[in-house]
Each structure stands twice: as structure tokens, then as C-alpha cells.
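# Show me how the following folds:
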Amino acid sequence: MPGFEDWSGRTFKQINLNNTVWKEADLVNARFSGRIDGLVINDIEVAPLIGAEMDRRFPERRKLRPQSHDDAADAWAVIESLWSASKERAGSADEAVLQTRPEEDEFSWCESFRHLIFVTDAWVSKNALGVEDWHPWGMPPSFWPPPDGVDVSATPSWSDVVDAREGRMALVRKHLETIDLNCLRVVLGEEWAHNWYANRDLDRLT
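All right, here's what the predicted structure looks like:
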């Protein structure tokens, strides 16, 4: 289009667009992922619409925002159910598929659940309980340098990941009544999102 700077077909990763303004922009067939908060398109704030649609598609998400410790057990039961279903699904998949990244810069199935081990270590052990106990197979996000003892290049089998994750989930279960709710909500959100990502990506690979 005359007068336009053409960025079509490009991929932008790990860029900060906070407080930017885009005018007369073409967003046809554009795809966004990441933290979206306060985004306004044509005078409509988008994030609440995304949240409402996700809750409509996945009603269990509504339980993952506990307002008291009385709600924590119900919230964690949702995660336990999702985890159980994911373990069962992985039991019928080839190990090679579980170790394959859908894209070079995306987690494999195993890495997604290794990331959830890291989430537990960061938000429950460290932030909520004040204990640094990093599992060596934890997988931090790409923007977070691995803590001492964490080996992101490790390639544990799926059964090894299951064993490690079971231990971390038992830790959360044990402390549900005392974990700071803000930390717990972060963990619940990460648990749901990365379980969803893993299953979505496995659909693409099988």
C-alpha cells in the first residue's frame, strides 16, 4: 500500500510494545501471543474480551482465580484433573514426538511440563515458602537465566519428567492452605496455560 512501511510476513519475538501507538495500521491475518493487558483496538479494550471468550470455551478456568484459601482446593483439583488427562494422553504417544518442538523457539511436550516444574520452584518454593530448591530439569522461560543447578540442555525422558512433576505437585498440595494467594494464582494460570499449549501443540504433531 503506498505510503506504508511494509512489515508483512515478518515475525517479531520478545519485543516490548508497551505504551506504543499504532495508527492506520493493517492487522490482517496477524497473530499475537504473550501478555496482553490494556490493548485497545478501534477504541475497544481487547484483553477482557479474550478472557471472557477463553472462559466460555474452557469453563474450568473460572475456578482458577481463588479469592480465599477455601477456594484453593477446588482450583487445584482442576489442575490435578488436567494433569491426569495429559499423562494418560502422553502414554499413547511416541517418546520422539513428546521431545519434538513444534517450532524451533517453542517448548516440546516434555519441556512444557518441565517449565511447570520450574514454575513451582519459583513461585511456591522460593516466593511462597522462602526455600530455593531448583530441580535440575526445570525449564525457565527464555528471558529468565537458569538458576544455579538447572540444566536446560538436559533431555530427561517423559517418565522422568512425570516423576519430577509428581513430586512438585505434591508440594503444592501439601501447602495449599498457606501458600500466598497471589503466588498461587500465578501458578494456577501457568499450569492451565502450559497444559493447554502442550495439548494444542501435540495436536499439531500427531
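# could you give the mean pLDDT of the longest helix seen in the chain?
In terms of residue count, the longest helix belonging to the chain (DSSP state H) is helix 181-205. In this model, helix 181-205 has a mean pLDDT of 95.
# try stretch 100-120
95.
# that older thread, elements contacting the longest helix of the chain?
Judged by 3 or more CB pairs under 8 Å, 6 or more residues apart in numbering; DSSP states H and E, helix 181-205 is in contact with helix 72-90, helix 95-98, helix 109-119. Placement of C-beta: from N, CA and C, glycine included.
# ok, and which of these has the densest surroundings?
Comparing the helices and strands packed on helix 181-205 by mean neighbour count (mean count of other CB atoms under 10 Å), helix 109-119 comes out on top with a mean of 23.
# Go ahead and name everything in contact with that one.
Helix 109-119 has contacts (CB atoms under 8 Å, 6 or more residues apart in numbering) with 86, 90, 93, 97-101, 107, 134-135, 137-141, 150, 156-158, 161-162, 164-165, 168, 186-187, 190-191, 194-195, 197-198, 201-202.
# Just the buried ones from these?
For the contacts of helix 109-119, a burial check counting by 16 or more other CB atoms under 10 Å picks out 86, 90, 98, 107, 134-135, 137-140, 150, 156, 158, 161-162, 164-165, 168, 186-187, 190-191, 194-195, 197-198, 201-202.
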